[in-house]
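Asks: what's the 3D shape of this:
(one chain, ligands or ions: 1)
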Amino acid sequence: MTTDFYLPTQIVFGNGSLSRIGKLAAPLGRRALLVCGSRAWLRSQVPAKAQALLQDAGLQVLAFNAVSGEADLATVSAGLDLLRTHQCDLVVGLGGGSSIDTAKAIAGLAPLEGDIRTYHGGRQPERPGLPLVAVPATAGSGAEVTRNAVLIDPQSEFKQSIRGDEWFPRVALVDPELTYSMAPQLTANTGSDALCQAIESYTSTAASSITDGLAEKAIALLGRNLLAAVHNGQDVSAREAMSMGSLLAGMAMSNARLGGVHGMAHPLGSHYHIPHGLVCGLLLPYVMRYNLDYAGDKYARIAELLGAVEPDQPASVKAVLAVEQVKQLLCKVGIPEHLEPFGVCADTLDLVVKETMLSGSTKHNARPLSESDVRSILISAL
Ligand SMILES: [Fe+2]
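Replies: Presented below is the predicted three-dimensional model:
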């Protein structure tokens, strides 16, 4: 059996590392489009600081602070128009997963002439895009080390990735200090996404020894620090662990893919407007329970990584405990357990089930998922 692992991104990690953004970006272009969220632009000094650091390094900088909520095709189109009008040759994405995915799609699609919807419909990008520097301000998406941008089509509300092998950021600049200001709920939601991505990439049918090493470390860091980061946003060590855990989970999923939680989370998130991390955390225990007989050994290892089992307990007992530990942790950080309060009901599941079956994540779930399996899991989560 052969194993492929591909990650061409330079990773710079550490508290205060934002100060290096100018030196890292300057060799990659002359005129940068800085993509960030509209709320971050108004409430945080970080985008303005990044802009100043880039300008100090000799770059011209055009700010595109229009990302609001989930990344969508309309925002990407608007950013592309701006980039082309001003002939930017470099993109910097700063913020949560939505900002980085928007920046990634703008950079990737910049040299392409086709309709953006054709790429969202599955057409492969024919050429490499512009260089991208990704600077996460949350600890969750892992988008700084992936080759895909998850985007919603506002017309159909269909959420899926555009994926290009050349779409990896050139630089991932991960500064845990940027996450200190996240509110507890955002910390919980994004951290749940990271934990889910670590667990799903660990048990994916495309997992390898390389991705397993990354995922195991990510699960330990995220599982042991999520609660502390939610309770005290100024806990330096917990914040650093969450940023590293999210980064490692992103590296694992970029090569191992994910599983059924992400397959269901995308249509639920887009049609019912549920935050991505929250819906991932909500569904994770249900899908883990479904997967128990197919991922038992890895779940037993997860229980050990989370640190709450005796070494001599049988693997089958540890595996069940892992599901319970994950469920309890998510409950403690305020992740809801049911979908009905978000307007999801048994009568409206057809579209969610149909779109779940189209997802690449679904196809990589540890245990095969049929339409009726997906429907049963969703009904159990109502
Ligand atoms: Fe995710």
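Asks: end to end, how far does stretch 268-280 reach?
Replies: One end of stretch 268-280 to the other measures 10 Å (CA to CA, to the nearest Å).
Asks: can you give me the buried ones in that stretch?
Replies: Neighbour-count burial for stretch 268-280 flags Leu268, Gly269, Ser270, His271, Ile274, Pro275, His276, Gly277, Leu278, Val279, Cys280 (criterion: 16 or more other CB atoms under 10 Å). From N, CA and C alone the C-beta is placed, and that goes for glycine too.
Asks: check stretch 102-111 too.
Replies: For stretch 102-111, by 16+ other CB under 10 Å, it's Thr102, Ala103, Lys104, Ala105, Ile106, Ala107, Gly108, Leu109, Ala110.
Asks: the last one reaches Arg84, doesn't it?
Replies: Yes - applying CB atoms under 8 Å as the test, Ala110 and Arg84 come out as touching, 7.2 Å apart.
Asks: residues contacting the residue positioned nearest the centre of the chain?
Replies: Centrality entry for the chain: nearest residue to the mean C-alpha point is Ser141, 2.2 Å, by CA atoms, centre = their mean. Applying CB atoms under 8 Å, 6 or more residues apart in numbering, we find Ser141 in contact with Gly96, Gly97, Ile100, Asp101, Thr190, Asp193, Ala194, Ser246, Gly250.
Asks: tell me which of the buried residues of stretch 268-280 fall in helices.
Replies: Those of the buried residues of stretch 268-280 mapping onto helices are Leu268, Gly269, Ser270, His271, His276, Gly277, Leu278, Val279, Cys280, per DSSP state H.
Asks: farthest-apart pair in the residues you listed, please.
Replies: The most widely separated members of those, counting by CB to CB, are His271 and Gly277 (17.0 Å).
Asks: domain parsing for this protein?
Replies: The chain breaks down by automatic domain parsing into domains covering 10-179, 184-381.
Asks: can you check which of those gets nearest to Thr2?
Replies: Among those, the nearest to Thr2 by CB to CB is domain 184-381 (9.4 Å).
Asks: packing partners of the lowest-mean-pLDDT helix or strand in the chain?
Replies: Least confident element among the helices and strands of the chain, by mean pLDDT, DSSP states H and E: helix 38-43 (a mean of 77). Judged by 3 or more CB pairs under 8 Å, 6 or more residues apart in numbering; DSSP states H and E, helix 38-43 is in contact with helix 46-56, strand 60-67.
Asks: by contact count, what packs against the first one?
Replies: Helix 46-56 makes packing contacts with helix 21-25, strand 31-37, helix 38-43, strand 60-67, strand 90-95 when contacts are defined by 3+ CB pairs under 8 Å, 6+ apart.
Asks: relative orientation of the second one and strand 90-95 in degrees?
Replies: Right, the one you point to is strand 31-37. Strand 31-37 and strand 90-95 are oriented at 20 degrees to each other (axes from the mean of the first three to the mean of the last three CA atoms, to 10 degrees).
Asks: cool, and the longest one?
Replies: Counting by the same axes, to 10 degrees, strand 60-67 lies at 40 degrees to strand 90-95.
Asks: circling back to that earlier point, in ChimeraX, select just the buried ones from the contacts of Ser141.
Replies: Those of those that count as buried under 16+ other CB under 10 Å are selected in ChimeraX with:
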select :96,97,100,101,190,193,194,246,250
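Asks: show me the contacts of Ser141 that map onto helices.
Replies: Gly97, Ile100, Asp101, Thr190, Asp193, Ala194, Ser246, Gly250.
Asks: got the residues you listed as JSON lines, with pLDDT and distance to Ile162 columns?
Replies: Supplementary listing: the ones in helices among the contacts of Ser141 in JSON lines, determined by pLDDT from 0 to 100; distance: CB to CB, whole Å:
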{"residue": "Gly97", "pLDDT": "96", "distance to Ile162": "14"}
{"residue": "Ile100", "pLDDT": "97", "distance to Ile162": "13"}
{"residue": "Asp101", "pLDDT": "97", "distance to Ile162": "9"}
{"residue": "Thr190", "pLDDT": "98", "distance to Ile162": "22"}
{"residue": "Asp193", "pLDDT": "98", "distance to Ile162": "19"}
{"residue": "Ala194", "pLDDT": "98", "distance to Ile162": "22"}
{"residue": "Ser246", "pLDDT": "98", "distance to Ile162": "22"}
{"residue": "Gly250", "pLDDT": "98", "distance to Ile162": "17"}
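Asks: ok, these vs Ala319, which is closest?
Replies: Ala319 lies nearest to Ala194 out of the ones in helices among the contacts of Ser141, by CB to CB, at 21.6 Å.
Asks: all strands of the stretch 101-250 of the chain, in order?
Replies: Remark: strands assigned in the stretch 101-250 of the chain by DSSP state E, counting those that start in this stretch are 132-136, 148-152, 159-163, 171-174.
Asks: alright, that wraps it up for me.
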